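Participant: Following is a predicted model, sequence given first.
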Amino acid sequence: MNTTSMANHSGLSRIKLFMALSRTPHGLLDMATPGLAAVLWLGAMPPLMVTFLGLLTAFAGYTAVYALNDVVDYKVDREKIRELGIPWSENDLDAVYARHPLAQGLLSLKEGILWTVAWGAVALMGAYTLNPTCALVFVGGCVAEAVYCLMLRVSYFRTLVSGGVKTAGAIAAVFAVVPNPSLLFLLCLFLWLFFWEIGGQNVPNDWSDVNEDRDLDAETIPVRFGAEGTARIILCSLALAILLSLLLFWVTPAELSPLYLAGALACGVFLLLIPAYKLYKGRTSKYAAALFNRASYYPLTMLMVVCLSSFF
C-alpha cells in the first residue's frame, strides 16, 4: 500500500477518492434506471415516501456495487498497474476523479471494504423496507457482480453476468411499487436493459481496455472476437435494445401517449446507434469510450421520455 500517496490526500480530496471508488458520477446516472422502471410500470411518480426511500436505496446500492467491483478486482488491478501502468482514462466517465484508487494505493483495502459494507448495509435495509423481494434482488446482484469480476480470466461469458447485474436495480424498483408485477413486463424490461448494458456499457468499456486485457490473458468479448466481431455484437445488442424499448409501449400497464414511441426511437438512434456505427467504422478505443459515455445517459433520457409521455 502506498502510504505516501494516501497521506497526500485529505479532506475533500479524500471524499473524491471514495467517490472514484464508487464511480459516483456514473452511479448517479444509473440511479435513473430504477426510477425509469417504476414510472414505466405506474405511469406516474411513486408515492413521496417510496420515492425518497427508493432514491436513498438506489444511491447506496450503486455506491456499494461499484465499490465491490474494485474490492474484488483489487489484486488484478494492482497487477495491471504494476505491469502496464495506470490506464489512459481521458474523457472516461468512470474515471472522473481517479481510476482504481485502491489499486493505486490512494485508499487502503480496509477502507474500501468498510466503505462497501457500510453502503451495502444501507442499501439492504432500504430494499427490505420497500419489499423483501427487493433485498433478495440486491443480494443477488452483489453476488453476481463478484462472480463477474472473478471470471476475468475464465470466460468472456462474464459479459452476460454483467448484463444481469445492471438490470437488478430496475427489477427491484418494480417490486418496490407493486408486489406482483407482470412476468411479461419484467422479462421485456430485463432484456431491454440487458442488451443496453452489453452493447452500450460493458463491451465498449472492455474495448477501451483491450490491450491491457490481452496482456493479462483476460477473457473478454474484444479479446476473443476482435474488432470486427465485437463491433457486430455491439450493433446487434443495441438494435435489440431499441426494439425492446418500443415493445414496452404495448407491454407496460402504464397509459403512455404515442410520444413515447417517437422519443424512445430518437433516444436509441442518437445515444446508441449513431455512436455504435461510428465505432463500427472507426474501430478505436476513442470511439468505444464515446459510445460508453453517450449510452450512459440513455436511462436518464428515457426516464424523461416516459414522464413526458405519461403526462401529455
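Facilitator: It's in. Numbers count the residues shown, from 1 in each chain.
Participant: Okay, residue 154 and residue 299: tell me how far apart.
Facilitator: Residue 154 sits 29 Å away from residue 299, taking CB to CB, to the nearest Å as the criterion. (Each C-beta comes from the backbone N, C-alpha and C, glycine too.)
Participant: all helices for the stretch 201-312 of the chain, in order.
Facilitator: Applying DSSP state H, counting those that start in this stretch to the stretch 201-312 of the chain gives helices spanning 203-208, 210-215, 221-251, 259-268, 274-282, 285-295, 298-311.
Participant: average pLDDT for the third one?
Facilitator: In other words, helix 221-251. The average of the pLDDT scores along helix 221-251 is 97.
Participant: thinking again about what came up before, could the helices of the stretch 201-312 of the chain go into a markdown table alongside mean neighbour count and distance to residue 179?
Facilitator: Below are those laid out as a markdown table (neighbours: other CB atoms under 10 Å; distance: least, CB to CB, whole Å):
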| stretch | mean neighbour count | distance to residue 179 |
| --- | --- | --- |
| helix 203-208 | 24 | 35 |
| helix 210-215 | 15 | 42 |
| helix 221-251 | 18 | 19 |
| helix 259-268 | 18 | 25 |
| helix 274-282 | 18 | 38 |
| helix 285-295 | 22 | 32 |
| helix 298-311 | 20 | 22 |
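Participant: The ones you listed into JSON lines, with extra columns for distance to residue 128?
Facilitator: Conversion of those to JSON lines gives the following (distance: least, CB to CB, whole Å):
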{"stretch": "helix 203-208", "distance to residue 128": "31"}
{"stretch": "helix 210-215", "distance to residue 128": "37"}
{"stretch": "helix 221-251", "distance to residue 128": "28"}
{"stretch": "helix 259-268", "distance to residue 128": "33"}
{"stretch": "helix 274-282", "distance to residue 128": "38"}
{"stretch": "helix 285-295", "distance to residue 128": "31"}
{"stretch": "helix 298-311", "distance to residue 128": "24"}
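Participant: quick one: which of those helices is nearest residue 177?
Facilitator: Counting by CB to CB, residue 177 lies closest to helix 298-311 out of the helices of the stretch 201-312 of the chain; the figure is 13.6 Å.
Participant: quick revisit: of the helices of the stretch 201-312 of the chain, which is nearest residue 35?
Facilitator: Closest to residue 35 of the helices of the stretch 201-312 of the chain, according to CB to CB: helix 298-311, at 5.5 Å.
Participant: Tell me which other helices or strands the closest one touches.
Facilitator: Secondary-structure packing of helix 298-311 (3 or more CB pairs under 8 Å, 6 or more residues apart in numbering; DSSP states H and E): helix 24-30, helix 32-42, helix 183-197, helix 259-268.
Participant: Low-confidence ranges, the stretch 51-200 of the chain, go.
Facilitator: In the predicted model of the stretch 51-200 of the chain, residues 85-97 satisfy pLDDT under 70.
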